[in-house]
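Trainee: coordinates only, sequence not included:
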């Protein structure tokens, strides 16, 4: 699985588990809603700064998002 797709899946799951809309997540992270949508669909890879902003907005840590992405990529590859 492509890393952008794996991150998008993790981002979407994290957002939905917090019961946050794309609009609310984007506003809290200082991003555009369409950019959140593109990331969730695996069409854009976030910068490190964006990963940090998303993590703060989701009451998570950048490490959790990256680690979950890595685990997602590994589990699908097996």
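Mentor: Yep, it's here. All values derive from a computational prediction rather than experimental measurement.

Trainee: how many neighbours does residue 62 have?
Mentor: 16 (other Cβ atoms under 10 Å). All C-beta spots, glycine's among them, are computed from the backbone N, C-alpha and C.

Trainee: right, and it touches residue 49 too?
Mentor: No. Counting by Cβ atoms under 8 Å, residue 62 does not reach residue 49; the two are 9.9 Å apart.

Trainee: ok, the nearest residue to residue 33 once chain neighbours are set aside to residue 13 distance?
Mentor: Nearest residue to residue 33, sequence neighbours excluded (Cβ to Cβ, 6 or more residues apart in numbering): residue 26, at 4.4 Å. According to Cβ to Cβ, to the nearest Å, residue 26 and residue 13 sit 17 Å apart.

Trainee: between the two, which one's more packed in?
Mentor: Neighbours were counted for residue 26 and for residue 13 using other Cβ under 10 Å; residue 26 has more, 20 against 13.

Trainee: which residues are in contact with that one?
Mentor: 32, 33, 35, 36 (Cβ atoms under 8 Å, 6 or more residues apart in numbering).
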